[in-house]
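>>> any chance you can model this:
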Amino acid sequence: MMAKRKMSLNELSDKVGLTLSNLSILKTGKAKAIRFSTLEAICQALDCQPGDILEFLED
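Numbering: from 1, shown residues only. As a prediction, the model looks like this:
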């Protein structure tokens, strides 16, 4: 979604209010959890739905 919106990680970080390191962890799929408020802020910044940026993978 970031590429579709032509938005850099730095720009998303500024809009969402998260550190680059935390966004990087989310982007690489290494996060164990995400707060709904964070998900909401990212979706608002990228003008998308949670399903556009999340993927379910079985262990």
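>>> with adjacent residues omitted, what lies nearest to Lys27?
Nearest residue to Lys27, sequence neighbours excluded (Cβ to Cβ, 6 or more residues apart in numbering): Leu9, at 7.0 Å. Yep, even glycine has a C-beta here, placed from its N, CA and C like the rest.
>>> go through the protein and flag its longest helix.
When the chain is parsed with DSSP state H, its longest helix is helix 36-46.
>>> can you list the buried residues in it?
Within helix 36-46, the residues scored as buried using 16 or more other Cβ atoms under 10 Å are Thr38, Ala41, Ile42, Cys43, Ala45, Leu46.
>>> quick one, grab the pLDDT at Ala31.
Per-residue pLDDT puts Ala31 at 92.
>>> what sits against it?
Ile25 (Cβ atoms under 8 Å, 6 or more residues apart in numbering).
>>> for the longest helix of the chain, what is the average pLDDT?
Here helix 36-46 scores 97 as its mean pLDDT.
>>> just stretch 21-28 next, same as before
Rounded mean pLDDT across stretch 21-28 is 94.
>>> distance from the chain centre to it, please.
Its chain's C-alpha centre and that of stretch 21-28 lie 8 Å apart, by Cα atoms, centre = their mean, to the nearest Å.
>>> what does that stretch contact?
Stretch 21-28 is contacted by residues Met2, Leu9, Leu12, Ser13, Val16, Ala31, Ile34, Thr38, Ile42 when judged by Cβ under 8 Å, 6+ apart.
>>> number of nearby residues for the residue nearest to the last one when sequence neighbours are not counted?
For Ile42, ignoring the flanking residues on the chain, the nearest one in space by Cβ to Cβ, 6+ apart is Val16 at 5.6 Å. By the criterion of other Cβ atoms under 10 Å, Val16 has 19 neighbours.
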